[in-house]
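**Student:** any chance you can model this:
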Amino acid sequence: MKLAIKICLYCFTRLGRMVGLLFSYSSKREFQIAIAQLDFCKTYLATSKTTTSIARESFMHAGEMVAEAICGKLILKPGIGKFTVDGLEHFEQGIKSGKAVLAMSGHLGPIEILAAYFSKTGYSVAPVYRKANYKIADWLIQKLRDSHKLVSIGRSGVISMKQIIRVLKSPSLLSLLIDQDIQAEATFVPFFGKLALYPSSLVDLSIRYGNTLCPIFIVRRAPLEYYIRITKIEIDPKAPDALSAAIYAYTEKLEEMIRLYPEQWIWWHRRWRRRPGIDYTAPGVFPRSTAEYISWLKSGAKDSE
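**Tutor:** So this is what the prediction gives:
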């Protein structure tokens, strides 16, 4: 029976990869962004693959990730998915304090499987999320999370903040993805040598509440085989630069994983779209358009331009 399940999952995830590949050809805008950002970061990546190859594989990974999310319950059954976890002691030590661990992840690897895995192994997990751009995608994600008994919390609103504070004060995992530039309170920290914005309000709140901060990432080493890496951020919470130091430490761990598994990161989000020293709330001030952004990257991404 297990072999039959594995064969079916393998075929379904291969189908997901093919859908992702087709999407890479049909989504020219996203593919162009991915190529431009990969060209900009190529010297940092530990691979001899071409940027075009990495970009195609990134889309294929996204398709496989969706297939894995749909089949998450099967993958998490004993003897089906194989999981290797390093650094679990950091979670255990943090939770023993009676407070939540802030599990800081990013859009790397099969991220929906990550929270589901820890819920399955007995942890109370509360993912903080931003609504997806498409209603059907948002509905599907919430349905899948509900099936894994994950208590999802929106990023904004008074009710959401009360939920977040309640979780921070409990022995649980508060998980969030902070590797994209979104409309939220944010901090600039270098990412592959160029300042990028990170949503930072929940990191700041966790520092003030004395929670343990743990970067955590999952990657796929082979079909149905996953590696989870957990580390702990050591900072002085009273230091004036505690927030930027925490974000910087997280970024170092994120970069390490992207260097090794570049095809499993989402390259088509405009990572450096907003720049320091510019008030984007001012009338008529907007981030660069896609065409302007790609041109800016190709010309060396100078902030004086």
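**Student:** pull out the buried positions in the longest strand anywhere in the chain.
**Tutor:** If you go by DSSP state E, the chain has its longest strand at strand 212-222. Judged by neighbour count (16 or more other Cβ atoms under 10 Å), strand 212-222 contains these buried residues: Thr212, Leu213, Cys214, Pro215, Ile216, Phe217, Ile218, Val219, Arg220. In this view, the C-beta of every residue, glycine as well, is placed from N, C-alpha and C.
**Student:** now do the helix or strand following it: everything it contacts.
**Tutor:** On the C-terminal side of strand 212-222, the closest following helix or strand by DSSP states H and E is strand 225-230. Here strand 225-230 makes contact (Cβ atoms under 8 Å, 6 or more residues apart in numbering) with 81-88, 90-91, 109-110, 113-114, 117, 214-221, 253, 257.
**Student:** switch to 7 Å and redo it
**Tutor:** Contacts with strand 225-230, where a contact means Cβ atoms under 7 Å, 6 or more residues apart in numbering, come from 81-88, 90-91, 110, 113-114, 214, 216-221, 257.
**Student:** ok now it, how far from the chain's centre?
**Tutor:** With Cα atoms, centre = their mean, to the nearest Å as the basis, strand 225-230 stands 14 Å off its chain's centre.
**Student:** likewise stretch 64-81?
**Tutor:** Chain-centre distance of stretch 64-81: 18 Å, with Cα atoms, centre = their mean.
**Student:** ok, then the element right after the lowest-mean-pLDDT helix or strand in the chain?
**Tutor:** Within the chain, no helix or strand scores below helix 135-147, which has a mean of 72 by mean pLDDT, DSSP states H and E. For helix 135-147, the following helix or strand on the C-terminal side (DSSP H and E) is strand 153-154.
**Student:** for that following strand, packing partners?
**Tutor:** Using 3 or more Cβ pairs under 7 Å, 6 or more residues apart in numbering; DSSP states H and E as the contact criterion, the neighbours of strand 153-154 among helices and strands are strand 125-129, helix 158-168.
**Student:** could you rerun that using 10 Å?
**Tutor:** The contact analysis (3 or more Cβ pairs under 10 Å, 6 or more residues apart in numbering; DSSP states H and E) places strand 153-154 against strand 125-129, helix 158-168, strand 173-177.
**Student:** partner strands of the last one, with direction?
**Tutor:** So the one you mean is strand 173-177. Each strand paired with strand 173-177, and its direction, by DSSP bridges: strand 101-105 (parallel), strand 125-129 (parallel).
**Student:** next SSE downstream of it?
**Tutor:** That would be, after strand 173-177 and using DSSP H and E, strand 186-191.
**Student:** that older thread, in a markdown table, list the buried residues of strand 212-222 along with distance to Ser295 and pLDDT.
**Tutor:** Below are the buried residues of strand 212-222 laid out as a markdown table (distance: Cβ to Cβ, whole Å; pLDDT from 0 to 100):
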| residue | distance to Ser295 | pLDDT |
| --- | --- | --- |
| Thr212 | 43 | 97 |
| Leu213 | 37 | 98 |
| Cys214 | 38 | 98 |
| Pro215 | 33 | 98 |
| Ile216 | 36 | 98 |
| Phe217 | 32 | 98 |
| Ile218 | 34 | 98 |
| Val219 | 32 | 98 |
| Arg220 | 34 | 98 |
